[in-house]
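# Take this sequence and fold it.
(one chain, ligands or ions: 1)
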Amino acid sequence: MGARILDGRQVAQSRRDRLEKDIANYKSMTGTVPGLATVLVGDDPASEVYVGNKRKASTQAGIRDFHRRLPAGASQAEVKAVLADLAAESDVSGILLQLPLPAGLDPTPLLEVIPAEKDVDGLTAASVALLTQGLPGLRPCTPSGVIALLDATGVEMEGKHAVVVGRSELVGRPLAQLLLQRHATVTIAHSRTIDLPGITCGADILVVAAGVPGLIGAEHVKKDAIVIDVGIHRTRGGLVGDVKFDEVEEIASWITPVPGGVGPMTITMLLENTFTAHKMQKEATVGIAASPMVSHHE
Ligand code: NAD
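Numbering: from 1, shown residues only. Modelled structure (predicted):
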């Protein structure tokens, strides 16, 4: 029997429907709405599309749109000033600096201008520290989207062996932390791993974020494993992932398609982060301790 398809479009849509209602309820209770500031520097066409999609999705969810556009020739100081301005603006709940930046701009010091409570991408050093320590904070969107997909299977993560293929700061590392917080036993494989199939065949949950088309085939997967494919590659035949879907589908219990798996989850988690950030900021203002967003430690 083939695997069940873990439909990211469906999971994302149901979460967005719920979020839209939650934001509307919060508005009627408090008179406030979350605000998302997207900052786009230069005119990279792919970045323009990504930022456009994020703005559209957030507006649909009832989030106020604060967009700042800077020319490709903007200086480090100019970008920093815009971010500092947004950091100080109380109607802006979340700030997203679209990466990559044009050549000549260094993203690291710019990201650090974004305060942790507005870091809806979850990529600043402060957010990474909160995640690693298991403290409340905003988590990176793609890894959170993977956890939301795993939740949608209804399969308990606790005690399962989860293998993450990839150790990037954007996906692999934070995802391994999130899986640990769900009490999975986590192994991280990467480009220097010897005997990849030997490692991945032990996985009850296999998440692949290597950026190598078709890296994972039938020989890498244990029977009835849950397989999540984060990879996206444009080919002549359309979008493909890091997993050979047709072979692995025969073995896995659940599998994400590409497209329509992890991809639709990423923006959804950005919207959820923006609402979480808004609530934390409002509750902090009126003196209510922000509730922890994740369970952590033992
Ligand atoms: P990256 O290039 O920064 O990291 C890739 C990781 O994979 C590295 O840690 C590397 O060690 C490991 N790796 C490379 N080749 C390997 C091999 N042969 N065996 C084992 N490990 C290997 O990439 P990233 O930013 O983490 O993204 C990974 C993939 O996910 C890309 O295809 C990217 O396009 C995709 N992605 C998708 C989304 C989404 O929303 N769906 C978001 C982010 C990234």
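
# Helix or strand for P136, just tell me which one.
Using DSSP states H and E, P136 falls within no helix or strand.

# any idea of the mean pLDDT for stretch 222-242?
The average pLDDT for stretch 222-242 rounds to 96.

# what's the span of it, first residue to last?
17 Å (CA to CA, to the nearest Å).

# same deal with stretch 56-72?
Stretch 56-72: ends 23 Å apart by CA to CA.

# ok, now stretch 210-219?
Terminal-residue distance, stretch 210-219 (CA to CA): 17 Å.

# same deal with stretch 146-161?
Stretch 146-161 has an end-to-end distance of 16 Å (CA to CA).

# if you average pLDDT over it, what comes out?
98.

# which residues make contact with stretch 240-249 from outside it?
2-3, 165, 208-218, 220-221, 227, 229-233, 255-258, 261 (CB atoms under 8 Å, 6 or more residues apart in numbering). Any C-beta I mention is one placed from the backbone N, CA and C, and that applies to glycine too.

# Narrow the residues you listed to those in helices?
Per DSSP state H, helices hold no members of the contacts of stretch 240-249.

# Any quick ChimeraX command for the buried ones out of those?
Entered in ChimeraX, the line below selects the buried ones among these, by 16 or more other CB atoms under 10 Å:
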select :3,165,208,209,210,211,213,215,216,220,221,227,229,230,231,232,255,256,257,258,261
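
# Of the contacts of stretch 240-249, which are in range of the ligand?
165, 209-212, 215, 230-232 (CB under 6 Å from any ligand atom).

# Leaving out the residues flanking it, which one is nearest to A57?
Sequence neighbours aside, I267 is the residue nearest to A57 in space, at 5.0 Å (criterion: CB to CB, 6 or more residues apart in numbering).

# thinking again about what came up before, ok, of the ones next to the ligand among the contacts of stretch 240-249, which one's closest to L101?
Nearest to L101 among these is G211, at 20.1 Å by CB to CB.

# Report the contact partners of that closest one.
166, 231, 233, 242.

# can you check T274 too?
By CB under 8 Å, 6+ apart, the contact set of T274 is 34-36, 58, 63, 93-94, 120.

# Most neighbours out of those, which is it?
With neighbours taken as other CB atoms under 10 Å, the top of the contacts of T274 is V120, carrying 32 neighbours.

# Show me what the nearest residue in space to it that is not next to it in sequence bridges to in the sheet.
Computed as CB to CB, 6+ apart, the closest residue to V120 that is not its neighbour in sequence is G94, at 3.4 Å. In this structure, G94 bridges to L36 when assessed by DSSP bridges.

# Give me the pLDDT for G94.
pLDDT, G94: 98.

# ok, which stretches of this structure are helices?
For the chain, applying DSSP H gives helices covering 8-30, 45-61, 76-88, 107-111, 125-133, 141-153, 172-181, 196-200, 245-248, 263-285.

# mind checking how far the shortest one is from the chain centre?
From the chain centre to the centre of helix 245-248 is a distance of 25 Å (CA atoms, centre = their mean, to the nearest Å).

# ditto for stretch 101-115
19 Å.

# can you list the residues that contact it?
Around stretch 101-115, the neighbours that count as contacts under CB under 8 Å, 6+ apart are 41-42, 44, 72-74, 76, 79-80, 83-84, 87, 95, 97, 99-100, 119, 123-126.

# what does stretch 70-88 give?
Stretch 70-88 is contacted by residues 37, 39-43, 66, 68, 92, 95, 97, 101-102, 105-106, 109-110, 113-115, 118 when judged by CB under 8 Å, 6+ apart.
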